[in-house]
Every structure is written in C-alpha cells, then in structure tokens.
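A.B. asks: pasted the sequence and its predicted model underneath.
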Amino acid sequence: MKLIHFSEIKKIDKEIVLGIGKFDGVHSGHKKILSIVLAEAKKEGRVAGIITFRKFPVEFLLCSWKEKLSLLKETGIELCVWCDFDDISHLSPEKFLETLLEAGAKTIVVGYNFRFGKGRKGDVKLLRKQSKERDFSLIVVPSYKKNGEIVSASKIRKMIKNGDIEKANKLLGRYFSVSGKVVKGKGIGKKMGFPTANLALENNICIGQGVYAGWVEHKRKIYKSAIVIGKSPTFNNDVNKFEVFIIDYEGKKTLYNKKIRFFLYKKLRNQIKFQYLEVLKKQIEKDIREIKIMLQKIPAPEL
C-alpha cells in the first residue's frame, strides 16, 4: 500500500476510486466501505484508494496509526492519502473536493453520514450536487448493522469505556487490542505469587475498570492472560493501572521496557476491595482457572 501525504496528492497521475473517512479502528462498517472501493476499482480498472486522518479530535483512538495502516493494507487498499486534521480543517468543502478531483478521483465512496470541509459544512447532499456538475461518480454507503445494531466508532468507544468488550469486539469484527511498554510497578503481585506486567499504554485509551480475560502477544507468541484495569482498591491505590498476568509464561528474562500487545475478550468481574490478602489470592486463583477454561473454547487472535 502506497502512502502519500495530502500535500502531495496532486502528484498522483492515475484515476482513483477514493473512499473518504476517519476509519478509526477499521471496524466492520468501515470494511463494508472499503470492499465497495475495491470492487469499484477492479470493475473500472482504477486504483483503490482512501483518504484518512492520522490524528483528529476524539477522546481516544481505537487503534494506533501503525495498526490502522496494517489493517487497511490487509483489506487490499493500494493507496492511502493521509493527513492530520489540522492540515486540512481550514479548507472549504469546495476546495477540498476540487483537490481530490484534480488528483484523479473519478469515483468517491463515503458513508451515509459523511461531513467534510471547514466547519463540517460539506455533506452528502453537496457531494450529490457536485457529482452532477463536475462529472464524477458518487457512492453513498448506507449504515451498516451487526446483530441489528448500527456500527460506529463512537459507539464502540462508549462500549470500551463501559467495559462491554464482548459487544465492542463484535462491532469491530476482531478482538480489541492495545499495546504498551512494560514499566516497573510495586511488585505486589510478585510477592503474592502472581507477577504482573505493568503497562504504560501507547494511546490514552479509557477502558472500563475490572478484571478481563484476554491474551498477550510477546515475541510472536500468544499467551492466555488475566488483565486488570483500574485502581487497586485492596491497597487503597488511587492510580489507574493496566496490569497483565501472563498465564503459563515461562520466560525467565524480565519484560521491563519491552513492548507487548494485549487483546481483550471479556470482562470477568469488577474490582473488589478485599479485607484480607489471602481472600484476594484465592479470588485471583479462581479468576485464572476461569480464564483458562473460557479461552480454551474460542480461537486465539491471529498474528
């Protein structure tokens, strides 16, 4: 997949079928748009391209820029025109559209609720009018539903914040994942017999507090894991933490400063304040047993 910044778009010398959107998370609804871009490009003998943002105003991104590019590439998209929101937020809808057409966009594919240009003044109605006047094809993709629910990035973000990971995964079309660097903690888990990796996340992601079942990827291997997100009420800790206990991990070297990726499958329970450490230890043992049984029945993430 060829990458080109929006400022260089005029140098493209091929006819393009261009999908436009944030594509945050490249969820199942986005993949519907991308599949139409690919099919139309194949039919017309044109380049299958998209224009998207690297950074834009949002509470948190559903995936990193690197992962987003990887997901886009997997779909078969050939050209990715990118920019940050601030690069083009000053452009009027007409100027933005003119730039795309001058670059070779012959077919434009957007979602039903697409807005563009300074102040979000451009919409599908304007695109339809312009397509007749400026001789380009327009394909407007209707809302995409999964299990009767409209798929949207904002809805997925809300589910993640609420800890409803199972539902978020269904709308994403894959397991939600986050990467981070392992940093030093207080070593409480290790003293209890459950050494955890404390993560400093790459993205400022807000995930509902609780204990989750999931997996960790380390050195291209997948391990079942118990993932604890939030404060540690038993130890009166007011700092939000992301801790991962890697089940059956036999690596002898420390993971400090290593980058790992974890995949969330399901929330097991809320965090609880235990009066005695022995009771907490028994609960952790119970959680791990439950996670092992649960994850044996479902496919692990594909690398």
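C.D. replies: Noted; the coordinates are in hand.
A.B. asks: what's the closest non-adjacent residue to residue 10?
C.D. replies: Once flanking residues are discounted, residue 10 sits nearest to residue 103: 5.6 Å by Cβ to Cβ, 6 or more residues apart in numbering. All C-beta spots, glycine's among them, are computed from the backbone N, C-alpha and C.
A.B. asks: can I see the domain layout of this protein?
C.D. replies: 2-143, 157-296 (automatic domain parsing).
A.B. asks: hmm, the residue nearest to residue 10 is touching residue 16, no?
C.D. replies: Yes. Residue 103 lies in contact with residue 16 (Cβ atoms under 8 Å); the separation is 7.1 Å.
A.B. asks: just the strands in the stretch 201-303 of the chain please.
C.D. replies: Ranges of strands within the stretch 201-303 of the chain are 210-218, 221-232, 237-246, 259-269, based on DSSP state E, counting those that start in this stretch.
A.B. asks: who has more neighbours, residue 103 and residue 16?
C.D. replies: residue 16 (26 against 22; other Cβ atoms under 10 Å).
A.B. asks: ok, residue 33 touching residue 140?
C.D. replies: No. Taking Cβ under 8 Å as the definition, residue 33 is not a contact partner of residue 140, at 10.0 Å.
A.B. asks: quick check: neighbours shared by these two?
C.D. replies: 110-111 (Cβ atoms under 8 Å, 6 or more residues apart in numbering).
A.B. asks: what residues sit buried inside the helix or strand hosting residue 39?
C.D. replies: Per DSSP states H and E: residue 39 is located in helix 28-44. Neighbour counts using 16 or more other Cβ atoms under 10 Å place 28-31, 33-34, 36-38, 40-41 of helix 28-44 among the buried residues.
A.B. asks: any idea how far residue 52 is from residue 84?
C.D. replies: 11 Å (Cβ to Cβ, to the nearest Å).
A.B. asks: swap in residue 279?
C.D. replies: Applying Cβ to Cβ to residue 279 and residue 52 gives a distance of 49 Å.
A.B. asks: who's more crowded, the two?
C.D. replies: Remark: of residue 279 and residue 52, residue 52 carries more neighbours, 23 against 12, as counted by other Cβ under 10 Å.
A.B. asks: can you name the residues that contact the nearest residue to that one once chain neighbours are set aside?
C.D. replies: In space, residue 52 comes closest to residue 23 once its chain neighbours are excluded; the distance is 4.9 Å by Cβ to Cβ, 6+ apart. Listed by Cβ under 8 Å, 6+ apart, the contact set of residue 23 reads 30, 34, 50, 52, 68, 72.
A.B. asks: so residue 23, which of the three states?
C.D. replies: Recorded secondary structure, residue 23: coil (DSSP: H, G, I helix; E, B strand; the rest coil).
A.B. asks: tell me how far it lies from residue 104.
C.D. replies: 20 Å.
A.B. asks: and what of residue 36?
C.D. replies: 18 Å.
A.B. asks: go on, residue 122?
C.D. replies: Distance, residue 122 to residue 104, by Cβ to Cβ: 20 Å.
A.B. asks: the more surrounded of those two?
C.D. replies: Comparing residue 122 with residue 104 by neighbour count (other Cβ under 10 Å), the higher total belongs to residue 122, at 20 against 17.
A.B. asks: who's in contact with residue 209?
C.D. replies: Residues near residue 209 by Cβ under 8 Å, 6+ apart: 163, 229-231, 240, 270-271.
A.B. asks: now it, nearest residue through space, not along the chain?
C.D. replies: That would be residue 230: by Cβ to Cβ, 6+ apart, it lies 2.8 Å from residue 209.
A.B. asks: can I assume that neighbour is in contact with residue 240?
C.D. replies: Yes. Under the criterion of Cβ under 8 Å, residue 230 makes contact with residue 240 at 5.8 Å.
A.B. asks: who's more crowded, those two?
C.D. replies: Neighbour count, other Cβ under 10 Å: between residue 230 and residue 240, residue 230 has more, with 19 against 12.
A.B. asks: which residues sit in contact with the more buried one?
C.D. replies: 208-210, 240-241, 271.
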